[in-house]
Structure formats: C-alpha cells, structure tokens
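J.: what's the 3D shape of this:
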Amino acid sequence: MEFYTYVLVELAKGLPLTLQIVGFSLVCSFALGLCLALAHHYGPVWAQMLVRGYLAIFRGLPLLIQIYVIYFGLAQFAVVRGSILWPILREPFWCAVIAISACAGAYASEIFRGGLLSVSSKDIDAARAFGMSRLLMLRRIVLPLTLHQALPAYGNEIIYLVKMSAVASIITLPEVTARAFTIVTETFRVFEVLAIAGAIYLAINFIAAFAVRCVEKALEPSPPRN
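T.: Modelled structure (predicted):
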C-alpha cells in the first residue's frame with residue numbers, strides 16, 4: 001500500500017504541468033483551428049491552398065516527429081537561435097505547446113469546417129435580409145451555429161489532446177508520463193505504475209467529457225412555453 005501511495009503522490013506532482021500543457025494547447029489549437037476553417041471556407045483560392053498544405057503536413061506527420069523537429073531540429077539553425085523567437089523555442093514547455101497546438105489545430109479545423117458547412121443557406125439569407133454585414137453575420141449567426149454543431153466532435157478532440165500531452169515527456173518535461181517512466185526505471189514495476197498513470201489520464205478525460213456535456217446542455221434551445 002505504501003508503494004501505491006508513493007506512486008500516486010509522485011505522479012500527482014506532474015499533474016499541474018500536464019494540465020498547463022493541455023490548457024495552453026487547447027486554447028491555441030481552438031483559435032488556430034477556427035482561423036484555418038474560416039480561411040478554408042471563405043478565403044481566396046491561394047489561402048485555401050495554403051490551408052490544405054498545412055493540413056496535409058500536420059495531419060500526415062506523427063506528433064512525435066513534429067515535436068522533435070520543433071525542439072531539436074530548429075535549434076540547429078543560427079537564424080533561429082538569433083531570432084526573437086529563440087527564448088520561446090529553447091524552452092521545452094513552449095515547444096511542446098506549439099507542436100501539440102499545431103497538430104490538434106489541424107484536426108480541429110476540419111471539425112469546424114464541418115460545422116460551417118452545416119449552417120443552412122436559409123439562415124444566411126435571413127441574415128442578409130435583415131441587412132447584416134458579413135462580419136456581423138459571421139459573429140451573430142455563423143459562428144454560434146458552427147460551434148454548436150461542432151461541439152460534440154470537438155469534445156472528442158479535447159480528449160485526444162489530453163492524450164497528446166503525454167508526448168511532452170520525450171523532451172524532458174516532468175509531467176505525469178515522464179514521472180511514471182522515472183519510477184518504472186527505479187522500481188521495475190511497470191504494470192502498477194503505468195496503471196496508476198493511466199487512471200490519472202482517464203480521470204482527466206472523464207472530467208473533460210462531463211464538462212463538454214454540460215456545455216452542450218447549456219447551449220440546447222429551451223422548449224417553447226405554452
């Protein structure tokens with residue numbers, strides 16, 4: 001029992017870092033995915049081609065390679081080391097956030113684009129009939145309907161992003177997975193340690209899924225009153 005308590009306490013020390021990685025990556029990937037979806041759906045041809053190229057790269061390459069390239073690969077270029085971005089790119093935390101956000105944003109953009117495609121042309125015509133500008137129509141009609149339609153699928157993306165955060169362990173970040181492997185190398189009790197680490201990730205995902213369901217219910221239209 002003392003061993004399990006020790007493992008749980010040690011893994012809990014990495015939980016704040018895991019949540020920070022997930023939180024920053026979630027915000028960045030949400031904003032990136034929404035911008036990419038809007039550019040893909042409404043942008044000119046050249047913007048759509050750039051978005052398609054971005055999606056092909058970041059959805060086609062494994063996240064492990066992406067994080068290695070950002071953390072280890074970019075550092076070999078003198079122009080990067082001498083740029084204003086170097087204080088960020090030399091930090092493993094921000095490299096992990098950038099890699100996860102870039103990858104998750106590519107998947108999120110397709111979810112949001114599906115939401116944009118689901119907006120009825122009748123809603124667009126009604127907004128135009130009221131004299132709404134394109135920006136006002138986007139803010140009051142298109143984006144709310146898009147986010148409401150995309151929320152269930154985006155909830156799965158949040159769970160996937162939580163699992164992505166474990167990849168940060170390979171660039172010396174002492175989050176939950178990294179601490180789990182450190183304990184494994186010390187005790188050689190692989191199953192017990194990884195089972196506890198897995199339970200922590202499951203707990204995070206259960207909470208995230210519950211929060212998404214609560215938001216879905218909050219956004220459901222109220223039944224008409226008699």
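J.: Val51 sits in which helix or strand?
T.: helix 45-60 (DSSP states H and E).
J.: Now do that helix: everything it contacts.
T.: By Cβ atoms under 8 Å, 6 or more residues apart in numbering, the residues outside helix 45-60 that reach it are 36, 39-40, 43, 66, 102-103, 105-107, 109-110. C-beta: built from backbone N, CA, C; applies to glycine.
J.: Now render those as a markdown table, adding distance to Glu192 and pLDDT.
T.: Formatted as a markdown table, the contacts of helix 45-60 follow (distance: Cβ to Cβ, whole Å; pLDDT from 0 to 100):
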| residue | distance to Glu192 | pLDDT |
| --- | --- | --- |
| Leu36 | 42 | 94 |
| Ala39 | 48 | 91 |
| His40 | 46 | 90 |
| Gly43 | 51 | 85 |
| Gln66 | 32 | 92 |
| Ala102 | 35 | 94 |
| Cys103 | 31 | 93 |
| Gly105 | 36 | 93 |
| Ala106 | 36 | 93 |
| Tyr107 | 33 | 92 |
| Ser109 | 40 | 92 |
| Glu110 | 39 | 90 |
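J.: Now flag whichever of these is closest to Thr182.
T.: Comparing the contacts of helix 45-60 against Thr182 with Cβ to Cβ picks out Gln66 as the nearest, at 24.1 Å.
J.: and the next element down the chain from the strand or helix carrying the closest one?
T.: Using DSSP H and E, the element containing Gln66 is helix 63-68. Toward the C-terminus, helix 63-68 is succeeded by helix 78-81 as the next helix or strand (DSSP H and E).
J.: where does the chain dip in pLDDT?
T.: Applying pLDDT under 70 to the chain flags residues 219-226.
J.: Which stretches in it count as helices?
T.: With helices called from DSSP state H, the chain shows them at 2-13, 15-42, 45-60, 63-68, 78-81, 86-89, 92-117, 121-129, 134-137, 143-164, 176-187, 190-219.
J.: residues of the helix holding Val51 that come out buried?
T.: Neighbour counts over helix 45-60 (16 or more other Cβ atoms under 10 Å) mark 51, 54-55, 58 as buried.
J.: need these in a markdown table with distance to Gln76, can you?
T.: Formatted as a markdown table, the buried residues of helix 45-60 follow (distance: Cβ to Cβ, whole Å):
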| residue | distance to Gln76 |
| --- | --- |
| Val51 | 28 |
| Tyr54 | 23 |
| Leu55 | 27 |
| Phe58 | 21 |
